[in-house]
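Enquirer: what would the 3D arrangement of this be:
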Amino acid sequence: MKRKHFSRVDRQVSLLLAVILILFGISIYFISTKIYYQAILESLTHRVTNIHDYIEHQITPDGFREINTKEDMQKESYQTLKEVLQEIRELGDLRYLYTAKRSDAGDLVYVVDGLPDSANDFRYPGDLIEPEIQDELTRALGGETVLPDKILDTDWGNIFIAYYPLHDGNGNVVGALGLEIAADVEAAAVWKLSKAALTACLFFCGITFLSSLFIFRRISNPLYKDMANTDFMTQLKNRNSYETDRENWNAKKCWFI
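Expert: Below is the predicted model:
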């Protein structure tokens, strides 16, 4: 029964068309979401790059080098950079903004933290950098700009993290800048677009499948009738057509009588 059910040409063509449309829809879904996701990453990258460029013009290399311990927080160089970082963090709605360097002992340490001093996770000058971000800061101190290839989904929300080297007037790296931006809005926008694109693809694939099945039947059924009443070689009416015409003629005669 199943073989006979799927042997009809209209169902076969409609099923083939549905498969093609589903593959096409999936391709459009992945391409559109990928392009939109990359656009968001580029926008966030442009944002943090502008912040880095501004901060790099605000630092004083000599002052940056003289900040080493908690006691150095009273120095003017610390207060100046602290004010700049805290203002930018608040205006730019950044989660974290801080500078780091390698100490004389070779350890990766914080220099100036943009968080308020009263924050629970505030770091003092000379505090050791957490192990999970040491690799990225080491690369930044080596002169490399470290940018993520995706928005990170963490326990405290979606974030975009970047690390930049900081240079003196001669182009020498004196430290590194770490930035973390809350990206919950961007991640939610990607999710909404993905869901909407997938729903639209499935909806239009279903509509197209049903429409093609209906249209193909409307087109093909008259053709089947012609083929049943036509001789394939001569293209003239066959015996079946003759019998049908005769029955119709007899029916008309009976009706007139």
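
Enquirer: what's around the residue nearest to Thr45 when sequence neighbours are not counted, how many residues?
Expert: Setting aside the residues directly before and after it, Thr45 is nearest to Leu147 in space (CB to CB, 6 or more residues apart in numbering), at 5.8 Å. Bear in mind the C-beta positions are built from the backbone N, C-alpha and C, glycine included. As a burial measure, Leu147 scores 16 neighbours (other CB atoms under 10 Å).

Enquirer: tell me the SS of the residue nearest to the spatial centre of the chain?
Expert: Nearest to the geometric centre of the chain sits Tyr37, at 3.0 Å (CA atoms, centre = their mean). Following DSSP: H, G, I helix; E, B strand; the rest coil, we place Tyr37 in the helix state.

Enquirer: tell me the contacts of it?
Expert: Tyr37 makes contact with Lys150, Val190, according to CB atoms under 8 Å, 6 or more residues apart in numbering.

Enquirer: state the pLDDT value of it.
Expert: For Tyr37, the pLDDT comes out at 88.

Enquirer: now it: how far from Asp149?
Expert: 10 Å (CB to CB, to the nearest Å).

Enquirer: likewise for Phe30?
Expert: The gap separating Phe30 from Asp149 is 16 Å, by CB to CB.

Enquirer: so those two - more neighbours on which side?
Expert: Remark: of Phe30 and Asp149, Phe30 carries more neighbours, 13 against 6, as counted by other CB under 10 Å.

Enquirer: local confidence estimate at that one?
Expert: pLDDT, Phe30: 84.

Enquirer: can you say which helix or strand has it in it?
Expert: If you go by DSSP states H and E, Phe30 is part of helix 9-56.

Enquirer: which SSE is immediately downstream of that helix?
Expert: That would be, after helix 9-56 and using DSSP H and E, helix 61-66.

Enquirer: what are the buried residues along that following helix?
Expert: Pro61, Gly63, Phe64 (16 or more other CB atoms under 10 Å).

Enquirer: isn't the second one right up against Gln79?
Expert: No. With contact defined as CB atoms under 8 Å, Gly63 does not count as touching Gln79 (9.9 Å).

Enquirer: neighbours of Tyr124, how many?
Expert: 16.

Enquirer: next one: Glu90
Expert: Neighbours of Glu90 under the rule other CB under 10 Å: 12.

Enquirer: the inter-axis angle of the helix or strand where it lies versus helix 9-56?
Expert: If you go by DSSP H and E, Glu90 is part of helix 76-91. For helix 76-91 against helix 9-56, the angle by axes from the mean of the first three to the mean of the last three CA atoms, to 10 degrees is 150 degrees.
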